[in-house]
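Undergrad: sequence below, structure please.
(one chain, ligands or ions: 2)
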Amino acid sequence: MARILIVEARFYDHLNDLLLAGTRAAIEAAGHGHETVTVPGALEVPGAIALAADHYDGFVALGVVIRGETYHFEIVAGESARGIMALTMDGLAIGNGILTVENEAQALVRADPAQKDKGGEAAKAALAMLELQQRFG
Ligand SMILES: Nc1c(NC[C@H](O)[C@H](O)[C@H](O)CO)[nH]c(=O)[nH]c1=O
Ligand SMILES: CC(=O)[C@@H](O)COP(=O)(O)O
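TA: Ligands and ions are numbered 1, 2, ... in the order given. Predicted coordinates:
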């Protein structure tokens, strides 16, 4: 049984709850264990994963970034993805479930486990990468 750390940027409670439900269900369905830590925003997610890297087998990054009026969206969406990708290239097994969307309606469809279930998808990605890590790492 693998130990998966879910790192969630809790910026929009109702959307986070949906993402978390999908992620937890997918990990449990695969027979693995999970814990969750919460960080303030998507920019903190890569740092939190880096800090926990030696303590878990795999990671799921969750969050919601909704475009506002300024360039801040590009920074938060791009830099969180860049940080997660850098950790992936270092060999960590990570699924990225941070939504980067234009509006809340887009986020809702993607977070809902009964619709696009991006939280569950990210969990499955993390488990797939963990399998590759165990095979080739
Ligand atoms: N605007 C959103 C943020 N912004 C906050 C940053 O992620 C970060 O916490 C802050 O700059 C302090 O370092 N975060 C989200 O997750 N979603 C957003 O829409
Ligand atoms: C991620 C964002 O763009 C957003 O939350 C910030 O909004 P704004 O650009 O209106 O300050």
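Undergrad: can you map out the helices along the chain?
TA: Taking DSSP state H as the criterion, the chain contains helices spanning 13-29, 45-52, 72-89, 104-111, 118-136.
Undergrad: what's the closest of the ones you listed to L62?
TA: Closest approach to L62 among the helices of the chain (C-beta to C-beta): helix 13-29, 4.7 Å. Bear in mind the C-beta positions are built from the backbone N, C-alpha and C, glycine included.
Undergrad: list the helices and strands that closest one packs on?
TA: The contact analysis (3 or more C-beta pairs under 8 Å, 6 or more residues apart in numbering; DSSP states H and E) places helix 13-29 against strand 3-9, strand 33-39, strand 58-66, strand 94-101, helix 104-111, helix 118-136.
Undergrad: the first one versus helix 13-29: what angle between them?
TA: Right, the one you point to is strand 3-9. Relative orientation of strand 3-9 and helix 13-29, computed by axes from the mean of the first three to the mean of the last three C-alpha atoms, to 10 degrees: 170 degrees.
Undergrad: and strand 3-9, what does it pack against?
TA: Under the contact definition 3+ C-beta pairs under 8 Å, 6+ apart, strand 3-9 sits against helix 13-29, strand 33-39, helix 45-52, strand 58-66, helix 118-136.
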